[in-house]
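Q: one predicted model, sequence on top.
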Amino acid sequence: MTVKLALVGGAHIHTPGFIKRLNDRQDVAVKCVWDHDAERAQRRAAALNAEVVGDLDAIWGDASIAAAIVCSETDRHAQLVTAAAGAGKHLFVEKPLGMGAEDAYAMAEAIEQAGVLFQTGYFQRGNPIHQFLRDQIAGGAFGKVTRYRHTNCHAGALKGWFDTEWRWMAELPQAGCGAFGDLGTHALDIMLWLVGDVTEVAASLNTATGRYGPECDEYGEGLLRFANGAIGSLAAGWVDIAHPISLVLSGTEGHAYVVNGQLFFQSEQVIGADGKTPWTDLPAAWPHAFELFLNALTGNDVTPADQKPTLVSVREAAYRSAVMEALYRSAGARAWIAPEVGR
């Protein structure tokens, strides 16, 4: 059986990639496309061989449509997501979920009350290195985790990636963040997934080229105090010509770092983990986060239940929006800020 979907907003830079994934599958089909930008709606619909609808009620009221894929500008998420949840549609919502804590937690409540499937685009959880480190932390190979640095950077501003069609992503009133939030949310997700919640955060943001105006940060650094006592640092930006070292994780009994995608791991708790050569005994990569959603939606994932990757919960997604909002508030206030915790 083919599951019918709707694309609700096609503004996000990842939309073309999602369209390719949808077109490559035989078990799903996009029935219709909505976007407030009529020309963009036409382009997305043509790529999906779908119809354009100008009235969202045509989607919400269509019982044949099982799920909505929300790739709109971030400031439109709250209205679209709450309406979709109210209509009983399963939801894939591109990251970040919200502009901040208030709208993100409101969406979380609506989705939980509706009891629909939810997923967002935190695809880095499927990286074999991140899976391995999470298991090793849980198993005690690091002892007490003391320090954790994670970075996510590229040269998008230097290369003008956001000059034309994706320009809204550099407009804070629509995107909710600049470079630090756009890329940093992926690193933040992994940090919280591995080490747990934080008590307070601080950050400093800046511009390098000013290509997108003085209000749009192009790079930044954040500090995080974790509830378990670990201290974290997070770097993200659009003005990096290289990104060789993406992760450093230290504990009282273990150490790991990643250079050019290779993991170096040291722990006396694990045989052979001397940290001198790349560690290659890693689990298999998960499918992309979007594919995980489609698999859950169609029931076509044949992975055994005890090995099946989990979706990102809507509470996790909302909490990440709250922590990132606190980092941005901290940069403005030059003070430590405690993230808002949802009801």
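A: Now that the structure is in, tell me what you want to look at.

Q: work out which residue lies at the spatial centre of the protein.
A: The chain has residue 122 as the residue nearest its centroid, 3.3 Å off, counting by Cα atoms, centre = their mean.

Q: what does the model give that residue for pLDDT?
A: Among the per-residue scores, residue 122 shows a pLDDT of 98.

Q: find the nearest non-adjacent residue to it, please.
A: Leaving aside its chain neighbours, residue 122 sits nearest to residue 189 (4.4 Å; criterion: Cβ to Cβ, 6 or more residues apart in numbering). Every residue, glycine included, has its C-beta placed from N, CA and C.

Q: in this structure that neighbour contacts residue 123, no?
A: No. In this structure, residue 189 is not within contact of residue 123 by Cβ atoms under 8 Å, at 9.5 Å.

Q: these two: which is more packed in?
A: residue 189 (28 against 19; other Cβ atoms under 10 Å).

Q: got a list of what the more buried one touches?
A: If you count contacts by Cβ atoms under 8 Å, 6 or more residues apart in numbering, residue 189 has them with 122, 124-125, 312, 316, 320.

Q: what does residue 248 give?
A: 147-149, 256-258.

Q: just curious, which of the residues you listed is nearest to residue 111?
A: residue 148 (29.4 Å; Cβ to Cβ).

Q: check contacts around the nearest residue to the closest one once chain neighbours are set aside.
A: Computed as Cβ to Cβ, 6+ apart, the closest residue to residue 148 that is not its neighbour in sequence is residue 232, at 4.5 Å. Listed by Cβ under 8 Å, 6+ apart, the contact set of residue 232 reads 147-150, 191, 195, 198, 223-226.

Q: give me the phi and psi for residue 232.
A: Backbone torsions for residue 232, taken as degrees, to the nearest 10, come to phi -120, psi 150.

Q: next one, pLDDT for it please.
A: Predicted confidence (pLDDT) for residue 232: 98.

Q: please apply the same query to residue 183.
A: Note on residue 183: pLDDT of 98.

Q: oh, and call the first residue 391 from now on, that's how I've got it
A: That works, and once the first residue is 391, the last one we named lands at residue 573.

Q: run a quick neighbour tally on it.
A: The burial count assigned to residue 573 is 25, neighbours taken as other Cβ under 10 Å.

Q: pull the contacting residues for it.
A: 542-544, 626-628.

Q: what does residue 391 give?
A: Residue 391 touches residue 417, counting by Cβ under 8 Å, 6+ apart.

Q: could you redo the last one with a cut-off of 10 Å?
A: 417, 688-690 (Cβ atoms under 10 Å, 6 or more residues apart in numbering).

Q: neighbour-wise, which of those residues leads?
A: Most neighbours among these, by other Cβ under 10 Å: residue 688, with 17 neighbours.

Q: for the stretch 441-590 of the chain, just list every one of the helices.
A: Counting by DSSP state H, counting those that start in this stretch, the segments of the stretch 441-590 of the chain that form helices are 447-450, 467-476, 491-504, 518-529, 562-565, 569-585.

Q: quick one: buried ones out of the contacts of residue 638?
A: Buried members of the contacts of residue 638, scored by 16 or more other Cβ atoms under 10 Å, are 538-539, 646-648.

Q: among the residues you listed, name the ones in strands.
A: 538-539, 646-648 (DSSP state E).

Q: is it possible to export those to CSV including distance to residue 605 and pLDDT?
A: Below are these laid out as CSV (distance: Cβ to Cβ, whole Å; pLDDT from 0 to 100):
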residue, distance to residue 605, pLDDT
538, 30, 98
539, 27, 98
646, 37, 98
647, 35, 98
648, 33, 98
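
Q: closest to residue 679 among the contacts of residue 573?
A: residue 542 (15.0 Å).

Q: just checking, that closest one touches residue 636?
A: Yes. The pair residue 542 and residue 636 qualifies as a contact (Cβ atoms under 10 Å) at a distance of 7.2 Å.

Q: shaky segments in this protein?
A: 692, 694-697, 733 (pLDDT under 70).

Q: the strands in the chain, which residues?
A: Listed in chain order, the strands of the chain (DSSP E) span residues 393-400, 418-424, 441-442, 455-461, 480-483, 508-510, 535-543, 588-596, 609-616, 621-627, 635-641, 644-649, 652-657.

Q: for these, which one sits closest to residue 731?
A: Among those, the nearest to residue 731 by Cβ to Cβ is strand 588-596 (10.4 Å).

Q: other SSEs contacting that closest one?
A: Using 3 or more Cβ pairs under 10 Å, 6 or more residues apart in numbering; DSSP states H and E, the elements in contact with strand 588-596 are helix 569-585, strand 609-616, strand 621-627, helix 704-723.

Q: what's the most buried one of those?
A: helix 569-585 (a mean of 25; mean count of other Cβ atoms under 10 Å).
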